[in-house]
Structure formats: structure tokens, C-alpha cells
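Student: just coords:
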């Protein structure tokens, strides 16, 4: 009797923790990942879906008409629903407008965790996502000391990765696909071969550096454009994958073999603010993509805020008691 062939997704799960990169709760329920990640862009797409209208209404009711608080409540409502379908954690993002404000980022993170705790979700099941700016990294360093664990996003440069590890953050999410996009545009080509893919190479370099020097911070490859990029990073601590790519992996037979190494030729770095800013600034791709990513997340957050305001305006006014 022939043994059924495993698919690439099943095989990948043996080597890396698979995380769903989506705000679509039905997709999370279907794929049953260990963790799930969200961001304003993903939640904007989901919030416009009629299936999730009750979550918007619940968030608005919880916030009592406060638009800014409604946003935080909506993130928490989605996060709580997602956690019903995963055994691990959900990542929830701090407002992109706070990317250069350490104190306000800490304040927002504490508020999100408090809102989660109000609906019965402990902080151990939540990762607070912060942009990997100098200010965001400093905020994460302090939050980690309070037992609020952080996922550093919009990470494109080695300087960002080194600073995050020294800050003792729980997790980083280097963006493979956006690095690939930038270099593809610069080279004016339709594709870049996997063996020359700068996004894949960036994550492999960071992973090797962390392992060589014994950092506890985990590496989660993110923002993939094709399954080949995912398979090239098999063995990475975690991989966060969009539903369409999860689908492709599940429909492709084959065993996946880890390819990452724990050997690094990079000397251990110790970056203060000036050296961090200079080293990051020397990477044109990283400076471009970090700035673009902050702008994009902010734009989608503002669209989401407008959606909440429009729904609140369209809601029927509460009945006024008539005199007897």
C-alpha cells in the first residue's frame, strides 16, 4: 500500500511555526495556524466585509462613540475572535502615527493590553506590534520589562534587527516581499531568482546572526510574494503567511528541507542611537520601505477610522422616552 504524499504546508510545519497573516477570521479558522498577525491594512479589508459588521458594532458600543477608542476596541474585537481559532498569540498594531514617539507608543500598548484583559484575554496571548524605528524599539524594550511582549514590524535593515535583539524584544518580522519589490523595481526586472533574492537573504542573515550570538528574540519571516520565498526560509523560527499562499502550499505535494544556517560572519554589533540611525540610513531600500510602510499603515488606519465614523453616523438614534 502506498503511503500518502505529504503536502508542502504539512511538511513546513515540522520545521517552522506557521502563522496566518490575515484579518479574515474565517481564513484563520480554516488554516488553524499557531499564531495570527494583523495590521491596519488587513483589518481595513476585513472590516468592510459584511460578515464582520457585528464586530464593528460591538467595538463602537464598547467605545461609547469615541472614534479613536473605537479603533482600539475594533482591533481587540478582531483579535479576540481570532484567538478562538489559534492556540497561540495574536499580534495587534500600535497606531503608525506614534512610530516616532516612545512615550505615546507605550501608552497605546498599555491601553490595548488593558482592553484585551477587559474582554478576558491575558497579555500572554497578545503581541504588540511596533514599527522598528529607534523610538519604537525603545518603547518595546520598556514594554517587555512590564511583561507586554512585542512584535517589531516594518523591519528592513540589519541595523533594525541588531537593535531589536539588544532590546530583548520577543519577535521581529522582517519583510521579505517588500524588500524583493524594491530591488525588482530598481533592477527593472519582472522577477528575481530565489538564490539572488535580497529579501530571503536578509532574513537568512538575521537568523544566522541571532543564533550565533544566542539572542532569545525570534525571527518571523513576513510579507511573502511567492511560495519559493517561504520554502527558502524553512526552519526560520516562525513564518507568517497570507491565506492565498497557504492554499498553494497545501495543494503542492513534497517534503520541505530546512536551508538556514546558524553560522554568521558578522561581528556582534552594539548600536547607540547615532550609530543605529547612520547604519540604517546607509541602506536606501530600508529607509524607503520603512517610511513608505508607516505612511501606508497610517493611510489605511485613517480609512478604517472613517468607516467607523460613517457607521456611527448611520446608526439609528436611541429612542427617547416619551412623557407619560
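Tutor: Looks like it arrived, so ask away. Bear in mind that the values here come from a model prediction, so they are computed numbers and not experimental data.
Student: which residue ranges of the stretch 151-300 of the chain form strands?
Tutor: 171-174, 218-221, 238-241 (DSSP state E, counting those that start in this stretch).
Student: just checking: what are the partner strands of the second one?
Tutor: Which is strand 218-221. strand 171-174 (parallel), strand 238-241 (parallel) (DSSP bridges).
Student: tell me the most buried of those strands?
Tutor: strand 171-174 (a mean of 28; mean count of other C-beta atoms under 10 Å). For every residue, glycine as well, the C-beta is placed using N, CA and C.
Student: and the contacts of it?
Tutor: 37, 127, 129, 132, 149-153, 155-156, 160-161, 164-165, 202-203, 206, 217-223, 238, 240 (C-beta atoms under 8 Å, 6 or more residues apart in numbering).
Student: can you give me the distance of the residue nearest to residue 251 when sequence neighbours are not counted to residue 248?
Tutor: Closest residue to residue 251 apart from its sequence neighbours, by C-beta to C-beta, 6 or more residues apart in numbering: residue 7 at 6.8 Å. As judged by C-beta to C-beta, to the nearest Å, residue 7 and residue 248 stand 10 Å apart.
Student: equivalent analysis for residue 226, please.
Tutor: According to C-beta to C-beta, residue 226 stands 9 Å off from residue 248.
Student: now residue 71
Tutor: Between residue 71 and residue 248 the computed distance is 33 Å (C-beta to C-beta).
Student: with neighbour numbers in mind, choose between those two.
Tutor: Using other C-beta atoms under 10 Å as the criterion, residue 71 and residue 248 rank with residue 71 on top: 20 against 16.
Student: which elements pack onto the helix or strand harbouring the more buried one?
Tutor: Per DSSP states H and E, residue 71 falls inside helix 67-83. Under the contact definition 3 or more C-beta pairs under 8 Å, 6 or more residues apart in numbering; DSSP states H and E, helix 67-83 sits against helix 25-31, helix 40-47, helix 53-63, strand 90-93, helix 102-118, helix 284-314.
Student: if you count contacts, what does the shortest one end up packed against?
Tutor: The elements that strand 90-93 packs onto, with contact taken as 3+ C-beta pairs under 8 Å, 6+ apart, are strand 35-37, helix 67-83, strand 126-131.
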